[in-house]
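Undergrad: Model the following, please.
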Amino acid sequence: MKPPATPASTIAAGAGANASPLPPPQTVVSPPSASARTTTRRQLLASAGLLVAAGGATARAEGGGASNNSWAGYGAAALEVTTEAERAASAAVSRRVGEAVALLELGRELQARGEFPAALASFTRVVAEYADLALSEYARVGRALVLYEIGDRDESIAEMEDVSIALKGYPEIHAALAAALYADKHAALLAENQFTIATLLDPHYTDLAYVRDTKHWPPSLVASLHHFITLS
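TA: Below you'll find the model as predicted:
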């Protein structure tokens, strides 16, 4: 007689009970690639930037703009680089410029009133005491014009020639030199060259009323310009 057959499911269950458990599967972690590391780093930097910006905005909101004021104060402190000696030197230069301008304007007012000796003294003082300033050249113009009226005409013309180089393109000095060269030196060609420069820059110098009433030229220089314009 054959023994009773054992069901297959029972055999499988018994085998499973007696068998040792299988080890868990191993997970292999590979190092991140270079592109992955770069992406992660960018994300971290962006997150840090957002946090800083948010923190700054919060501080400004809470402090009522105190952060901006602190930065403005820092900028002002950084720009404060001049020393006390430099500030004193700048103030001294400004004072001297103011004095020279006042003397120059006084000379022109005296010239306009026909007080030529006093005007000459004022112009001469600017030239002598403030020669280091550029505006002293304009005082030399006034001095040359007044010298033509009450001083040595040769000295006046020499001054005009010198200033016409220093202030090349200043129409008044070119027009005055043209009148003097024609009337006193009989140098018609040189006078014509100077007058061409003057009138190209300012056509008003063809008008005797302009030099007499607006520029306040001395009478003798107005007469010389009249002789040149009329070729008399």
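
Undergrad: which intervals of this structure have sub-threshold pLDDT?
TA: 1-81 (pLDDT under 70).

Undergrad: outside of stretch 151-165, which residues touch it?
TA: Stretch 151-165 has contacts (C-beta atoms under 8 Å, 6 or more residues apart in numbering) with 120, 137, 140-141, 143-145, 147-148, 170, 173-174, 176-177, 180-181, 184-185, 194. Just so you know, the C-beta spots here come from the backbone N, C-alpha and C atoms, and that holds for glycine as well.

Undergrad: Go through it and flag the buried ones.
TA: 151, 153, 156-157, 159-161, 163-164 (16 or more other C-beta atoms under 10 Å).

Undergrad: what does stretch 219-232 give?
TA: 220-222, 224-225, 228-229.

Undergrad: Just the residues you listed: which are in strands?
TA: If you go by DSSP state E, the buried residues of stretch 219-232 have nothing in strands.

Undergrad: any idea which of those residues is closest to R108?
TA: Of all these, L221 has the smallest distance to R108: 14.8 Å, by C-beta to C-beta.

Undergrad: Restricting to C-alpha, output stretch 103-121 in CSV.
TA: Taking C-alpha atoms only, stretch 103-121 is exported to CSV below (Å, rounded to 0.1, in the frame of the first residue of the first chain):
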residue,chain,number,x,y,z
LEU,A,103,39.2,145.1,-9.3
LEU,A,104,38.6,144.1,-12.9
GLU,A,105,35.0,145.2,-12.8
LEU,A,106,35.9,148.4,-11.0
GLY,A,107,38.4,149.2,-13.8
ARG,A,108,35.7,148.6,-16.5
GLU,A,109,33.3,150.9,-14.6
LEU,A,110,35.9,153.6,-14.4
GLN,A,111,36.7,153.3,-18.1
ALA,A,112,33.0,153.5,-18.9
ARG,A,113,32.8,156.8,-16.9
GLY,A,114,35.9,158.2,-18.7
GLU,A,115,38.0,158.1,-15.5
PHE,A,116,40.9,156.7,-17.4
PRO,A,117,43.8,157.2,-14.9
ALA,A,118,41.8,155.5,-12.1
ALA,A,119,40.8,152.7,-14.5
LEU,A,120,44.5,152.3,-15.5
ALA,A,121,45.4,151.9,-11.8
